[in-house]
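Q: give me a 3D structure for the following:
(chains A and B)
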Amino acid sequence: MSEVLKGLFSAFTPLVLKLIMDWQQRNNTTRIPTLEELTTDFQSTIDGYLAEGQAWRDAHPNA
Amino acid sequence: MKRLILILALVVSSCAAKQPLPPGGDVIFKAKQAAIAIGTLQHSAIELNKIQKCSQATPPVCAPLLSDHNTGIVVDISTDVLKTMRNIPAGWRATADAGIMQVETRLDAAGKGQFNLYLEAARLVIRGIQ
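A: Residues are numbered from 1 along each chain as shown, chains lettered A, B, ... in the order given. Below is the predicted model:
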C-alpha cells in the first residue's frame, strides 16, 4: 500500500509543483510594473479625480 | 472621521513606498501618491459640501457644512493641480505644495476653520513622500 502511495506521490509531484509555479506566476504580486503600466495607472488615477471635480462643477456652475 | 482620513492617508503613503519600481518609475510613483493626496482633498471638500447643517430656528435654515463657494475653490485648484501633475509629473511636490497653499489662502474664514485639518493632512502626506 505504501509503495502505491509513494508511486502516486512521485508521479504527481511534478504536476503539483508546476501547478503551484503557474499559480505563483499568475498571482505574482512582487512583479515590477513597467514604466508604461505605472504611467497609465497614474493618469487614470488623476482622470478619476478630474471627473469627480468636473461632475461637482457641472452641478454647481455658479459656485 | 477626520482622524481616520489622516491615518488612512499615512498608511497608504507608507505602504506604497515598498513597491518595486522600474527605472524611471520613481517619479511617476511619487507623483501618484501626491495626486492621491490632492484628489482626497477634493473628495473631502465635495463630501463636506453634501452635509447639511441646520439651525435651531423654526423653520430650520440649512446650509452645506462646507459652502459651495469654498468647495468650488478646492475643486478648481485641485483640478489645476491634477492637470499640471498629469502633464509634468516631475514637478509633483512644488505643484502640490503651491495648490495647498493657494486653497489655504483663498478659503474664507469659515472655510479655513472647517477645512484646515484636511489641508494639514494633505500637507503631511506630501511631506512624507520620499
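
Q: and chain A, which of its residues are near chain B?
A: With C-beta under 8 Å from any C-beta of the partner chain as the criterion, chain A meets chain B at residues A:30, A:32-35, A:38-39, A:41-43, A:45-50, A:52-54, A:56-57, A:60, A:62-63. (Each C-beta comes from the backbone N, C-alpha and C, glycine too.)

Q: residue A:39 and residue B:31 touch, don't they?
A: No. Residue A:39 is beyond contact range of residue B:31, at 9.7 Å (criterion: C-beta atoms under 8 Å).

Q: close to chain A: what parts of chain B are there?
A: Within chain B, the positions adjacent to chain A are B:19-25, B:28-29, B:31-32, B:35-36, B:38-39, B:42-43, B:46, B:49, B:68-69, B:71-72, B:75-76, B:78-79, B:82-83, B:85-86, B:89 by C-beta under 8 Å from any C-beta.

Q: list buried residues within the residues you listed.
A: Buried by 16 or more other C-beta atoms under 10 Å in any protein chain shown: B:21, B:25, B:28-29, B:31-32, B:35-36, B:38-39, B:42-43, B:46, B:49, B:68-69, B:71-72, B:75-76, B:78-79, B:82, B:85-86, B:89, out of the residues of chain B next to chain A.

Q: any chance you could map the strands in chain A?
A: Assigned strands in chain A: none (criterion: DSSP state E).

Q: please pull out the lowest mean pLDDT helix or strand from it.
A: Sorted by mean pLDDT, DSSP states H and E, the helices and strands of chain A end with helix A:2-26, the least confident at a mean of 64.

Q: residues contacting residue B:49?
A: Applying C-beta atoms under 8 Å, 6 or more residues apart in numbering or on different chains to residue B:49 gives the contacts A:56, B:64, B:65, B:66, B:67, B:68, B:71.

Q: among those residues, which two are most distant?
A: A:56 and B:65 (14.7 Å; C-beta to C-beta).

Q: more neighbours, the two?
A: Counted by other C-beta atoms under 10 Å in any protein chain shown, residue A:56 and residue B:65 do not tie: residue A:56 has more neighbours, with 22 against 16.

Q: list the contacts of the more buried one.
A: Residue A:56 makes contacts with B:46, B:49, B:71, B:75, as judged by C-beta under 8 Å, 6+ apart.

Q: same question for residue B:110.
A: With contact set as C-beta under 8 Å, 6+ apart, residue B:110 has these partners: B:67, B:70.

Q: can you rerun that using 6 Å?
A: Residue B:110 makes contact with no residue, according to C-beta atoms under 6 Å, 6 or more residues apart in numbering or on different chains.

Q: and the contacts of residue A:56, which two are furthest apart?
A: Greatest spatial distance among the contacts of residue A:56 (C-beta to C-beta): B:49 and B:75, at 9.1 Å.

Q: so which of the residues of chain B next to chain A sit within helices?
A: Among the residues of chain B next to chain A, DSSP state H puts B:25, B:28-29, B:31-32, B:35-36, B:38-39, B:42-43, B:46, B:49, B:68-69, B:71-72, B:75-76, B:78-79, B:82-83, B:85-86 in helices.
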